[in-house]
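**Student:** When you get a sec, could you give me coordinates for this:
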Amino acid sequence: MTLIAVTKTVELERIREAIGAGQLVFGENRVQEAIPKINALDAVGVPLSWHPLGHLQTNKVKPVVGRFACIQSVDTVRLATDLDRRAAQAGVSVPILLEVNVGGEAAKSGFEPTALQQTVGAILELPYVRTRGLMTVAPYADDPEDVRWVFRRLRALRDGIRTRYRLDNFSELSMGMSNDYVVAVEEGATMVRIGRALFGDRPAVPGVRNT
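**Tutor:** Modelled structure (predicted):
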């Protein structure tokens, strides 16, 4: 299981402290905040892995190709196709996760589960995109048990796609944040995205939920 330390609005010095403690995998919600941090931390002397977690606009595709270990928030066929085209131009392959709006929240991006099952085949055919699994952000709940069904549903979707298309490498489930990661792990999470529990409360960012 991979712990992704979410560093939105976290200062470089605190990220360096986390690296010193052995944390090497980081996530950012905004590409424009991630790139300067990646550049600044290139000299730390250890290999770091970065994941963009927030909604990715198509005009931000070029800077992410080749810079991130896995793009976790692919939420449309168009975005997957744009990533594939840019990756072909750069001569690289791009690992991705497909974001699923399991909770059906209008304010969140992501594939609707039924639509995902209807369109995933087209994404799997893209030659430069490597689809490794699924990602979701559960609705906030005071009691994490109230969103257990979200994680269980994502796991069932992953398993169904993996079986249908006979995909050995379609194994990742990125789900669970500071308030609900324990339940997510119990339901099979392979990645959890933790910010607040590692770095404390941070200033609110409009449209972005604290992890």
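**Student:** Now do the helices in the protein.
**Tutor:** Shown for the chain, the helices assigned by DSSP state H span residues 12-20, 31-40, 61-64, 77-90, 113-124, 148-164, 181-186, 196-199.
**Student:** Those helices: lowest mean pLDDT?
**Tutor:** Mean pLDDT is lowest for helix 61-64 among those, at a mean of 92.
**Student:** Return it as PDB; C-alpha atoms alone will do.
**Tutor:** Output of helix 61-64 as PDB, limited to C-alpha atoms (Å, rounded to 0.1, in the frame of the first residue of the first chain):
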ATOM      1  CA  VAL A  61      -1.600  18.300 -20.300                       C
ATOM      2  CA  LYS A  62       1.800  19.300 -21.800                       C
ATOM      3  CA  PRO A  63       3.600  20.100 -18.500                       C
ATOM      4  CA  VAL A  64       2.500  17.000 -16.800                       C
END
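**Student:** Quick check: pLDDT value at residue 203.
**Tutor:** pLDDT, read off for residue 203, is 60.
**Student:** tell me, what residue is most central in this structure?
**Tutor:** Closest to where the C-alpha atoms of the chain average out (Cα atoms, centre = their mean) is residue 72, at 2.8 Å.
**Student:** I'd assumed residue 97 was in contact with that one.
**Tutor:** Yes: using Cβ atoms under 8 Å, residue 72 makes contact with residue 97 at a distance of 4.6 Å. All C-beta spots, glycine's among them, are computed from the backbone N, C-alpha and C.
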